[in-house]
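> below is the sequence, then the predicted model.
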Amino acid sequence: MPTLLIVDDEAKMRRLLELQLSQAGYTVLTAGDAPEGLARLREQPVDLAVTDLRLPGMDGLAFLQAVKREQPALPVVVMTAHGSVETAVEAMKAGAGDYVLKPFPLEELRLVIEKELANAGLRRQNQSLREELRERYDFPNIVGRGPRMREVLALVARVAPSNSTVLILGESGVGKDLIARALHEHSRRAQGPFVKINSTAIPESLLESELFGYEKGAFTGALRSKPGKFELADQGTLFLDEIGDVPLPIQVKLLRVLQERSFERLGGMRTLTVDVRLVAATNRNLRAALEEGTFREDLYYRLNVVPIDLPPLRAHKEDIPALAEHFLARFAAAQGKAIAALAPEAMARLLAFDWPGNVRELENVIERAVTLGDGPRLEAADIHLEVVPPPRAAAGDAPTLPPGWTLEEFEQAIIRDALRRANGNKSQAARLLGLSRNALRYRLAAMGEAPAEGEEP
């Protein structure tokens, strides 16, 4: 049963409450003043405290405030005489759960205590649920709290505890490796190994031996046996990046591992069995690869059990400020620079850009800005954005803009890039753009760029 603490300077009242509440099944501690009550709380945990507001020395309100400083979650019921409702209300503002007016029926106090204990239980349960949800949905290595990324992270949290194969889709630079790592760390395999392999970083002739290992003498130079990535990832997760570039012969062996959990090393006769969860990623359109015959249909469906589609950065620009500040703090600390913030104009430049290289490009832009910057904050001039012109249209095709750009935005980006390359020299920038100086000046005025001091408008 719950343990209660009764704090009252009247010995008869303490004894009466102790007897009545003990008969109701509670364990009851008592104290004659506030300092003794605080000492009791520090000596022994209790579930609820009942205190009179009129106490010698430290009054009941001061006692309540001290309790809430030390044990904020402890429910407290206050007793007050003389109909001093104003004092009781003040106590509730300070954190009391409820109050009773002396004289009161003991049944009334018992009901108030029961209610407060029930409420405290609900609060603990809610707090536990909140902490559980925060733990499940907290991904410290992933910065992204906008609605698009929250959807992705919620899916990661649901999928991570399972053993299902996951296929992560998205453009280069969106953070597919971070999602793969989050899947592993929030899974039941978190204590096992996380092994990553990028199929495009390994020559085709070596990829099979890297994945499945080889036996001594399997080929010239194989002086000893070597386990492959699947063996190294046993009881853990294997992250196979750029799965769309795996050659067809190796796709056959991958399919067998997914189906049977077994394989042979290169040059070996012994069948090995592993318990590995495969997480694959690609920036290619695998359905198009199916039609081209460069990717096996049966492997595609084995991989595509749970697809996670990561949006490009331009589709969740609300995350750019948090990402930029995260990278700024990291690179400023690494380089020992006291750059603490981005100017509003610098942030506006970041938000207006299309980010074809996604989060990786943003990271590089911030690193370059921190490296070259020397002020207390990054200014717009410190943000150097690489404007990639749209692909040249084939004969008979209409010219195209980068996705998400308007013609006006693209023109302004080209002008700013020309000024950057010309180090602010408008005549040189005009020559780069194939414009007259007056034409460039007109466009800058339309962009809201004021002429330099002493320059003819």
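Received the coordinates, thanks. Numbers count the residues shown, from 1 in each chain.

> what's the first helix or strand after the worst-scoring helix or strand of the chain on mean pLDDT?
Using mean pLDDT, DSSP states H and E, helix 106-137 stands out as the lowest-scoring helix or strand of the chain, at a mean of 74. As assigned by DSSP states H and E, the chain's next helix or strand after helix 106-137 is helix 147-159.

> what is that next one packed up against?
helix 106-137, helix 176-185, strand 306-309 (3 or more CB pairs under 8 Å, 6 or more residues apart in numbering; DSSP states H and E). Heads up, the C-betas are built off the backbone N, CA and C, glycines and all.

> quick check: which of the ones you listed is buried the most?
helix 176-185 (a mean of 21; mean count of other CB atoms under 10 Å).

> for that helix, which helices and strands make contact with it?
Using 3+ CB pairs under 8 Å, 6+ apart: helix 176-185 touches helix 147-159, strand 166-169, strand 194-198, strand 237-241, strand 277-282.

> rebuild these as TSV, extending it with mean neighbour count and mean pLDDT.
Converted to TSV, the helices and strands packed on helix 176-185 look like this (neighbours: other CB atoms under 10 Å; pLDDT from 0 to 100):
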stretch	mean neighbour count	mean pLDDT
helix 147-159	17	89
strand 166-169	23	94
strand 194-198	17	90
strand 237-241	24	92
strand 277-282	25	93
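
> quick one, which of those gets closest to A333.
A333 sits nearest to helix 147-159 of all the helices and strands packed on helix 176-185, at 24.3 Å, using CB to CB.

> between strand 277-282 and that closest one, find me the angle.
150 degrees (axes from the mean of the first three to the mean of the last three CA atoms, to 10 degrees).

> what comes into contact with helix 147-159?
If you take CB atoms under 8 Å, 6 or more residues apart in numbering as the criterion, helix 147-159 is touched by 136-137, 139, 142, 144, 166, 179, 182-183, 186, 306, 308-311, 315-316, 318-319.

> can you tell me the closest non-neighbouring residue to R443?
I415 (6.1 Å; CB to CB, 6 or more residues apart in numbering).

> my read: the one you found touches L440, true?
Yes. Here I415 reaches L440: they are 7.3 Å apart, a contact under CB atoms under 8 Å.

> related to what we said a few turns ago, I'd like the helices and strands packed on helix 147-159 as TSV, with distance to V370 appended.
TSV is the format used below for these (distance: least, CB to CB, whole Å):
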stretch	distance to V370
helix 106-137	30
helix 176-185	21
strand 306-309	31
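
> quick one: closest of the ones you listed to R431.
For the helices and strands packed on helix 147-159, the distance to R431 is smallest for helix 176-185, at 42.1 Å, taking CB to CB.

> got the angle between the closest one and strand 277-282?
With the same axes, to 10 degrees applied, the angle from helix 176-185 to strand 277-282 works out at 170 degrees.

> what's the angle from helix 176-185 to strand 237-241?
170 degrees.

> residues in contact with helix 176-185?
Taking CB under 8 Å, 6+ apart as the rule, helix 176-185 contacts 139, 141-142, 152-153, 156, 159-160, 166, 168, 170, 190, 194, 196, 236-237, 239, 241, 277, 279, 281, 283, 308, 310.

> if we use 7 Å, what do you get?
By CB atoms under 7 Å, 6 or more residues apart in numbering, the surrounding residues in contact with helix 176-185 are 139, 141-142, 156, 159-160, 166, 168, 170, 190, 194, 196, 237, 239, 241, 279, 281, 308, 310.

> where along the stretch 201-350 of the chain do the strands fall?
Counting by DSSP state E, counting those that start in this stretch, one finds strands in the stretch 201-350 of the chain at the ranges 237-241, 262-264, 271-273, 277-282, 306-309, 341-342.

> for the shortest one, name the packing helices and strands.
Translated: strand 341-342. Other elements packing on strand 341-342 under the criterion 3 or more CB pairs under 7 Å, 6 or more residues apart in numbering; DSSP states H and E are strand 377-378.

> sheet partners, orientation included, of the strand it packs on?
Sheet pairing of strand 377-378 (DSSP bridges) gives strand 341-342 (parallel).

> could you pull up the mean pLDDT of the strand it pairs with?
Strand 341-342 comes out with an average pLDDT of 90.

> and what of stretch 442-457?
66.

> so what sits against both of I415 and L440?
L433.

> ok, now which ones touch L48?
P2, L4, P75, V77, I113, E116, L117.

> hang on, the second one in a strand?
If I follow you right, that is L4. Yes. Counting by DSSP: H, G, I helix; E, B strand; the rest coil, L4 falls inside a strand.

> confidence score at it?
94.

> distance of it from R431?
86 Å (CB to CB, to the nearest Å).

> one more: the first one?
Counting by CB to CB, the gap from P2 to R431 is 84 Å.

> do A94 as well
73 Å.

> just A352 next, same as before
26 Å.

> care to break the chain down by domain?
As recorded under automatic domain parsing, the domains making up the chain are 3-131, 147-311, 315-446.

> how far is the second one from where the chain is centred?
The chain centroid and the centroid of domain 147-311 are separated by 24 Å, computed with CA atoms, centre = their mean, to the nearest Å.

> and it, how far apart are its ends?
One end of domain 147-311 to the other measures 11 Å (CA to CA, to the nearest Å).

> show me the shaky parts of the stretch 151-300 of the chain.
Under the criterion pLDDT under 70, no range of the stretch 151-300 of the chain is flagged.

> isn't F327 right up against E361?
No. If you go by CB atoms under 7 Å, F327 and E361 don't touch, sitting 11.1 Å apart.

> related to what we said a few turns ago, looking at L4 and R431, which is more packed in?
Between L4 and R431, L4 has the larger neighbour count (other CB atoms under 10 Å), namely 23 against 15.

> tell me how many other residues surround the residue nearest to R443.
Considering only other CB under 10 Å, I415 is surrounded by 21 other residues.

> show me what the helix or strand it falls within packs onto, helices and strands only.
Taking DSSP H and E as the criterion, I415 maps to helix 407-421. Using 3+ CB pairs under 7 Å, 6+ apart as the contact definition, the elements that helix 407-421 packs against are helix 426-433.

> for the helix it packs on, buried residues please.
K426, A429, A430, L432, L433 (16 or more other CB atoms under 10 Å).

> how about the contacts made by the closest residue to A348 other than its chain neighbours?
In space, and not counting its chain neighbours, A348 is closest to A380: 7.4 Å by CB to CB, 6+ apart. Counting by CB under 7 Å, 6+ apart, A380 makes contact with A343, E345, A346, R349.

> same question, E363
F327 are the contacts of E363 under CB under 7 Å, 6+ apart.

> so which strand or helix has it?
Using DSSP H and E, the element containing E363 is helix 358-372.

> report how many residues lie close to the residue nearest to E10 when sequence neighbours are not counted.
Leaving aside its chain neighbours, E10 sits nearest to D52 (7.7 Å; criterion: CB to CB, 6+ apart). Number of residues near D52 (other CB under 10 Å) recorded here: 22.

> separation between D52 and D98?
14 Å.

> same question for E18.
Per CB to CB, E18 is found 20 Å from D98.

> equivalent analysis for I414, please.
68 Å.
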